[in-house]
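In: I would like the atomic coordinates for the input below:
(one chain, ligands or ions: 2)
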Amino acid sequence: MLERTQFLGAESAALIDCGGRVLARDIVAPAQLPAFPSSAVDGYAVQAADAGKALRVAGESAAGRPFDRPLARGTAVRILTGGVLPAGADCVVMMEDVQLNGDVVTVPGALKPGQNFHAPGADLRAGERVLPAGVQLGAAEIGLAAALGLAELPVGRRPRVALMSTGDELVEVGERPGQGQIPDSNRWALLAALREAGAEVRLLGIGPDEPEALRRLVVDALAGADVLVTSGGVSVGTHDLIKPLLESLGDVHIGRVKLKPGKPFTFATLPDQKVAFGLPGFPVSSLVTFEVFVRPALRKMQGHAQLQRPTLPVRLGYDARATADRTEYQRVTLRRDGSDLVAVSTGSQSSSRLMSLAGAHALVRIPPGDHGISEGTFVEAMVLALP
Ligand code: AMP
Ligand code: MG
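Out: Ligands and ions are numbered 1, 2, ... in the order given. All right, here's what the predicted structure looks like:
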C-alpha cells in the first residue's frame, strides 16, 4: 500500500496554518540566534577588568532600546533582560550582586567575561540546519521558525479524503433509531482519526446498500479527493457492495487481510493516483485497520519521515489467546511496574465493542498460532498514547 501511495507535493503555509503539518524541505537558519549579545538578567553591563570597583552608571540598555554609545572604561550601563550588551562591555552583573549609591554602582570582586549574557550565535549559527524535512510542526518547531523571521514554511499538502459510511441500518447521530437501526458512529470516529492524521475531510454521509446510487455518490466525491475511505459493505454478504464498486473503478490489490479485527479490509488504486480504503463496518475493526494501514499511508502522502506509530516492548499482564490464522491486535492500557510497562487487557475484544478501544494506550501484536502467549511474556505494542 505504501508503494502505491505518493507524496502529494509541497505548498507554502503561513505560520497560523502550520500546526500539525509536515515540513517539506530542510530549514536552514538564515541568520544566527541570538542576533546580538543579549542580557540574560537585569543588572549592569561592565568590563570584567573593572571587578571590585565603583563605577559610574552612564545610562541604560532596555529590551528594544539599546544604549547608543560604547561603554567607557570605569563606567557601567544598567541593562535589562533582553537588552543589547553595549560595545566594550564583556559581562553583566546581576542586580542582586551590586551596591548602588546614587549613580555609582559597586560591582563584586570576581567577574568572568561572558557571564550573564547570550553571545551572538550561541543558540544557533547562520547556515545551520535547524529543522529537517519530514518533521511534524509542533509548538517548538513553529516557534523556532518564527524566531528566525520565517513567516511561511514549505509543508506537505494535506490529503483530501472523502469519507462515507455505508449501510441501510444507519441513521444520523441524534436521530432516534427505528427498529433494527443504529447511529452512524463510524463517521465521527473516522473523522477524528483522519483529522489527527492530517487529512482534510469531506463528509459524504451514509451511502445506501444499492449499487447504482452508491456508485454515483462515490464517482462524484472522487472528483475532488485524493483518497476515498468507506466503512462497512466489504464482507461477503449480499449487501456488501464496496469491493465490486472499487473493482469497477480501479484495481483492488487487497481484499482481505489476516488480521483480527479487520479481516475484510480492502485497498484499491483508482485512476489519477487516487487510492481507496474500504474499512470493515464493525467500529473497532474500522479504527484498528485505520491505525495499521490508513494512517501510515496518509502520513506518507504528507511527507512524514515517521510513518508508523512508535512501538515498545511491554510485559503481558494477562494470558493472551491467539487466533490460529490471523495476527491479532489486542487493545490494552499500560501501567508502570518498576522499569517495565505492563499491558492490561481492556476486556472483551469483540470487534463491535468500542469500549475495548476507548482509553486504550496501545495495540499489542499477538502472532497467529494455536497456543497464545502467557502472562509475563514481553510483546511488541504499538503505542497510541502513553499513560
Ligand atoms: P458490514 O461490514 O457493513 O457488514 O457491517 C458490519 C457491522 O458493523 C454491522 O453490525 C453494521 O451494522 C456495523 N456498522 C457498519 N457501519 C457502521 C457505522 N457507520 N457505524 C456503526 N456501526 C456500523
Ligand atoms: Mg453493511
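In: count the neighbours of the residue in the stretch 1-150 of the chain that ligand 2 sits nearest to for me.
Out: When distances are taken as Cβ to the ion, the stretch 1-150 of the chain approaches ligand 2 most closely through Met1, which lies 23.0 Å from it. Yep, even glycine has a C-beta here, placed from its N, CA and C like the rest. Met1 has 15 neighbouring residues, counting by other Cβ atoms under 10 Å.
In: tell me the pLDDT at it?
Out: Confidence per residue is given as pLDDT, and for Met1 that number is 97.
In: how much space between it and Pro183?
Out: Look at Met1 and Pro183: by Cβ to Cβ, to the nearest Å, they are 30 Å apart.
In: which stretches of the protein form helices?
Out: In the chain, the segments counted as helices under DSSP state H are 139-147, 185-196, 211-222, 242-249, 283-289, 295-302.
In: save those helices as CSV, and put in mean neighbour count and mean pLDDT too.
Out: Formatted as CSV, the helices of the chain follow (neighbours: other Cβ atoms under 10 Å; pLDDT from 0 to 100):
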stretch, mean neighbour count, mean pLDDT
helix 139-147, 15, 98
helix 185-196, 18, 98
helix 211-222, 15, 96
helix 242-249, 19, 96
helix 283-289, 26, 98
helix 295-302, 23, 98
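In: of all those helices, which one comes closest to ligand 2?
Out: Using Cβ to the ion as the measure, helix 242-249 is the one of the helices of the chain that comes nearest ligand 2, at 9.0 Å.
In: now do the closest one: everything it contacts.
Out: Where contact means Cβ atoms under 8 Å, 6 or more residues apart in numbering, the residues beyond helix 242-249 that reach it are 166, 211, 214-215, 218-219, 222, 230, 232-234, 252, 255, 266, 268, 270-271, 276, 278.
In: from the middle of its chain, how far away would it be?
Out: Taking Cα atoms, centre = their mean, to the nearest Å, one finds helix 242-249 lying 33 Å from the centre of the chain it belongs to.
In: please renumber the chain so that the first residue is 34 from this point on.
Out: Okay, using 34 as the starting number, the last item reads as helix 275-282.
In: pull up the residues of this protein that are close to ligand 2.
Out: For the chain, the residues in contact with ligand 2 (Cβ under 5 Å from the ion) are Gly200, Gly265, Gly266, Gly314.
In: so which of those residues is surrounded by the most neighbours?
Out: Looking at the residues of the chain next to ligand 2 with neighbours defined as other Cβ under 10 Å, the largest count falls to Gly265 at 29 neighbours.
In: what's near enough to touch it?
Out: Ser198, Thr199, Gly200, Leu203, Asn219, Ile275, Leu312, Pro313, Gly314.
In: nearest spatial neighbour of the residue in the chain that ligand 1 sits nearest to, skipping sequence neighbours?
Out: For the chain, the residue positioned closest to ligand 1 under Cβ to the nearest ligand atom is Gly314, at a distance of 2.3 Å. Counting by Cβ to Cβ, 6 or more residues apart in numbering, Gly265 is the residue found nearest to Gly314 once chain neighbours are left out, at 3.3 Å.
In: what's in contact with stretch 410-420?
Out: Under the criterion Cβ under 8 Å, 6+ apart, external residues in contact with stretch 410-420 comprise 324-325, 341-349, 353, 362, 365-369, 374, 376, 393-399, 406.
In: over to stretch 121-133?
Out: Here stretch 121-133 has contacts from 72-81, 90, 103-106, 109-110, 112, 118, 138-141, 144-150, using Cβ under 8 Å, 6+ apart.
In: in strands only, show me the contacts of Gly265.
Out: Secondary structure of the contacts of Gly265 is defined by DSSP state E; positions in strands are Ser198, Thr199, Leu203, Leu312.
In: could the residues you listed go into JSON lines alongside neighbour count and distance to Gly42?
Out: Formatted as JSON lines, the ones in strands among the contacts of Gly265 follow (neighbours: other Cβ atoms under 10 Å; distance: Cβ to Cβ, whole Å):
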{"residue": "Ser198", "neighbour count": "24", "distance to Gly42": "30"}
{"residue": "Thr199", "neighbour count": "28", "distance to Gly42": "31"}
{"residue": "Leu203", "neighbour count": "25", "distance to Gly42": "35"}
{"residue": "Leu312", "neighbour count": "28", "distance to Gly42": "26"}
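In: mind putting those residues into CSV with pLDDT?
Out: Conversion of those to CSV gives the following (pLDDT from 0 to 100):
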residue, pLDDT
Ser198, 97
Thr199, 96
Leu203, 97
Leu312, 98
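In: show me the subset of those that also lies near ligand 1.
Out: Taking Cβ under 6 Å from any ligand atom, the overlap between these and the neighbourhood of ligand 1 is Ser198, Leu203.
In: wait, which of the ones in strands among the contacts of Gly265 is closest to ligand 2?
Out: Sorting those by how near they are to ligand 2, with Cβ to the ion, puts Thr199 at the top with 5.7 Å.
In: tell me if I'm right that that closest one and Gly238 touch.
Out: No: at 10.2 Å, Thr199 does not count as touching Gly238 under the criterion of Cβ atoms under 8 Å.
In: would you enumerate the residues in contact with the residue in the stretch 284-420 of the chain positioned nearest to ligand 2?
Out: In the stretch 284-420 of the chain, the residue that lies nearest ligand 2 is Gly314 (5.0 Å; Cβ to the ion). Taking Cβ under 8 Å, 6+ apart, we find Gly314 in contact with Thr199, Gly200, Asn219, Ser264, Gly265, Gly266, Val267, Ser268.
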